[in-house]
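1. Using only what follows, build the 3D model:
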Amino acid sequence: MGPSTSLESRTGDGAAKVRWPHGERRDAAVDDYRGGTEPRLVARVAGELHELLALDLDESGYALAVAELGMEVDPPAPYAPSGWLARVAERLAAPRADYGPPAAAD
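-> Purely as a prediction, here's the structure:
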């Protein structure tokens, strides 16, 4: 399996897990995850990120936490681990614009 270009969720044990993207497509990967994942699971991941940020850890603590979540690369510049977590949580928690009629089934 090659490098991930999107976030993936797995809930085998009921826990939301996130696979962080590689490369320069981090924001696009977050948006892809948000758009292609059931809204309740997206909200759960956003909530868990907010809870993690509420722990008020130092940056090394957040670095350890994101490594435990599966982040395999450093956060994109200019973000520290806490800044990247806050950005991802903000993007995931933003309201979705849902315009137009539902897509027709093929």
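
2. What mean pLDDT does stretch 87-97 get?
-> Per-residue confidence for stretch 87-97 averages out to 87 on the pLDDT scale.

3. Could you measure from residue 26 over to residue 33?
-> 11 Å (CB to CB, to the nearest Å). Where you see a C-beta, it was placed from the backbone N, CA and C, and this is true even at glycine.

4. oh, I was asking about residue 55
-> Computed as CB to CB, the residue 55 to residue 33 distance reads 23 Å.

5. When the two are compared, which one has more neighbours?
-> Set side by side, residue 55 and residue 33 show unequal neighbour counts under other CB atoms under 10 Å, the larger going to residue 33 at 22 against 9.

6. Looking at the closest residue to residue 65 other than its chain neighbours now. What's its pLDDT?
-> With CB to CB, 6 or more residues apart in numbering as the measure, residue 52 is the residue that lies nearest to residue 65, at 5.8 Å, once sequence neighbours are left out. Model confidence at residue 52, given as pLDDT, is 93.

7. helices or strands up against the longest helix along the chain?
-> Residue-count comparison of every helix in the chain, with assignments taken from DSSP state H, identifies helix 39-54 as the longest. Judged by 3 or more CB pairs under 8 Å, 6 or more residues apart in numbering; DSSP states H and E, the packing partners of helix 39-54 are helix 81-93.

8. what helices or strands is the helix it packs on leaning on?
-> helix 26-36, helix 39-54, helix 59-69.

9. can you give me the angle it makes with helix 59-69?
-> For the pair helix 81-93 and helix 59-69, the angle between their directions (axes from the mean of the first three to the mean of the last three CA atoms, to 10 degrees) equals 50 degrees.

10. Adding distance to residue 89, write the helices and strands packed on helix 81-93 out as JSON lines.
-> Formatted as JSON lines, the entries for the helices and strands packed on helix 81-93 read as follows, by distance: least, CB to CB, whole Å:
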{"stretch": "helix 26-36", "distance to residue 89": "10"}
{"stretch": "helix 39-54", "distance to residue 89": "4"}
{"stretch": "helix 59-69", "distance to residue 89": "12"}
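
11. Done for today, thanks.
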